[in-house]
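Asker: dropping a prediction and its sequence here:
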Amino acid sequence: MSIAATPPPIALSHLLAHAAEMVQGVREGRSLTDLLARLPTAARAGTQALAFQVLRRLGGAEAVRSAVAPKAPPPAVDALLVCALALLWPASAGERPPYPDHTLVDQAVHAARHRTPAAAGFINAVLRRFVRERDALVSAAEQQPVGAFNHPLWWIDRMKHDWPAQWQALLREANRRPPMTLRVNARRTTAAAYVQRLAALGQSAQAFGSHTVVLDHPCPVPQLPGFAEGEVSVQDAAAQRAAPLLLGAGLPAPRAHVLDACAAPGGKAAHLLELADLDLLALDSDSQRLLRVQDTLTRLHLAATLKAGDARQTNAWWDGRPFDAILLDAPCSASGIVRRHPDIRWLRQPGDIAALARIQAQMLDALWPLLVRGGCLLYATCSVFKAEGQQQIDAFLQRLESGAARLDPASPGHLLPLPDNASAGAATPDGFFYALIHKP
């Protein structure tokens, strides 16, 4: 019986070349998730780790490149150069540099010889200068807002406007690595029992409440015991608040008719079904993304009706039967989950927020009439921008007749991704907005 050989590790120079391709793609407006999916499977994890670190320091790296090489090199050269500069950046408190300086410079030059041979000498010279003059160059870069906070200037200005007391803390927190948070399947186990199971395997974690587990050290999903069998899912603590909020509003039993209006990839729909027996319709405008919803439900041994359709075009998919409850996890800027998706800040444009807010308003107006009297609608966005949260709900309530809706005092409103947000105990959750609205 033959034993398959362990594949050799991928050279750092190859990972740097892949990371540069990812950064160049993001600069051209492409999603990092889509870009990573095109890489060989063996290269994805290492490339993602490097690309995430680069994107969290891209503002500073670009400022340094502009200072030492004011004439921008070709895009492929520039992408590799800023990747190396970001990875040579001084480590934050409590962190260690990912690689020794000489190793990173050598491997970046090696990558350049294969990717952009004519620029290898230029990259070598710039990186060696940066290592020699790092303190001064970093200090100068961080005098600029984009270099200091590693977000576009319009994003920084919006955070200042929306959160004048917390904007700096929010921007800094967005550059930290997020915790790996799990949701245990309430039909199968508890958080405390799952933590004990992890401990028996040498993995340390903390339980928060009945269903939330935060790992002390992230690990690949396939290494989670019981994952394939549907005992646990990966879901941030802030996102885990949706199902208890909606179910806590007092749904009629048995098998209340519930709509998840923007269901993909299926985490919140699955959580609802783990906690209650529901007649649930999972709707999404993208039929391909609904395949992910079905995969999630199948793994968790849950069932729902899946349908493709635009939540705003109710005539195309609604059968006329009112819903007892509606979850509207609306399309948004995703500004609250930028720690997990650091490309978002560089992909979004200033006009996107107003455009998304219009879509959110259209969805609220379209879905509200589908709700039975006595029912409730939970509006959610993974955003920290007020235009997609409190301002959106204030405007919606003003459009309705007096007494036609009631905002539940249990509505959390804006949950900011800061350490003092207690929704996950010691772990800092993502940024979210929730408004629970009753139809009297």
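Answerer: Now that the structure is in, tell me what you want to look at. Residues are numbered from 1 along each chain as shown.

Asker: any idea how far the nearest residue to residue 32 once chain neighbours are set aside lies from residue 167?
Answerer: Spatial nearest neighbour of residue 32, chain neighbours left out: residue 343 (3.9 Å); criterion: CB to CB, 6 or more residues apart in numbering. All C-beta atoms are positioned from the backbone trio N, CA, C, and that covers glycine. Shown here: residue 343 relative to residue 167, a distance of 21 Å by CB to CB, to the nearest Å.

Asker: kindly report the same for residue 326.
Answerer: 33 Å.

Asker: repeat for residue 260
Answerer: Residue 260 is 33 Å from residue 167, by CB to CB.

Asker: what of residue 19?
Answerer: Taking CB to CB, one finds residue 19 at 29 Å from residue 167.

Asker: tell me which of the two has more neighbours.
Answerer: residue 19 (29 against 18; other CB atoms under 10 Å).

Asker: where's the residue nearest to the more buried one when sequence neighbours are not counted, which helix or strand?
Answerer: Of all residues beyond its chain neighbours, the one nearest residue 19 is residue 50 (4.1 Å), with distances taken as CB to CB, 6+ apart. Take DSSP states H and E as the rule and residue 50 turns out to sit in helix 41-55.

Asker: just checking, next helix/strand downstream of that helix?
Answerer: helix 58-68.

Asker: can you get me a residue count around residue 438?
Answerer: Counted with other CB under 10 Å, residue 438 comes out at 16.

Asker: give me the buried positions along the longest strand along the chain.
Answerer: In the chain, taking DSSP state E as the definition, the longest strand is strand 371-381. The neighbour-count check on strand 371-381 (16 or more other CB atoms under 10 Å) flags 371-372, 375-381 as buried.

Asker: same question, stretch 13-30
Answerer: Buried residues in stretch 13-30, counting neighbours by 16+ other CB under 10 Å, are found at 13-27.

Asker: how about stretch 151-166?
Answerer: By 16+ other CB under 10 Å, the buried positions in stretch 151-166 come out as 151-152, 155-156, 158-159, 162-163, 166.

Asker: out of the residues you listed, which is nearest to residue 400?
Answerer: residue 162 (24.6 Å; CB to CB).

Asker: gap between the closest one and residue 348?
Answerer: 15 Å.

Asker: hmm, residue 149 is touching residue 172, no?
Answerer: Yes: with contacts counted by CB atoms under 8 Å, residue 149 reaches residue 172, the gap being 7.2 Å.

Asker: looking at those two, which is more packed in?
Answerer: More crowded of residue 149 and residue 172, by other CB under 10 Å: residue 149, with 23 against 14.

Asker: excluding chain neighbours, give the residue nearest to the more buried one in space.
Answerer: Using CB to CB, 6+ apart and skipping the chain neighbours, the partner closest in space to residue 149 is residue 171 (4.2 Å).

Asker: list the residues that contact that neighbour.
Answerer: Counting by CB atoms under 8 Å, 6 or more residues apart in numbering, residue 171 touches 149-151, 156, 159.

Asker: what do you get if the cut-off is 10 Å, keeping everything else the same?
Answerer: Contact partners of residue 171, counting by CB atoms under 10 Å, 6 or more residues apart in numbering, are 145, 148-151, 155-156, 159-160, 163, 338, 345.

Asker: wait, is it part of a strand?
Answerer: No: per DSSP: H, G, I helix; E, B strand; the rest coil, residue 171 lies outside any strand segment and is helix.

Asker: where do the helices sit along the stretch 301-440 of the chain?
Answerer: Per DSSP state H, counting those that start in this stretch, the stretch 301-440 of the chain carries helices over the ranges 344-347, 350-367, 390-399.

Asker: quick check: which of these is buried the most?
Answerer: Neighbour counts (mean count of other CB atoms under 10 Å) averaged over each of these peak at helix 344-347, with a mean of 21.

Asker: wait, residue 357 touches residue 385, no?
Answerer: Yes: checked against CB atoms under 10 Å, the pair residue 357 and residue 385 is within contact range at 8.7 Å.

Asker: shared neighbours, the two?
Answerer: In contact with both residue 357 and residue 385: 332-333, 391-392, using CB under 10 Å, 6+ apart.
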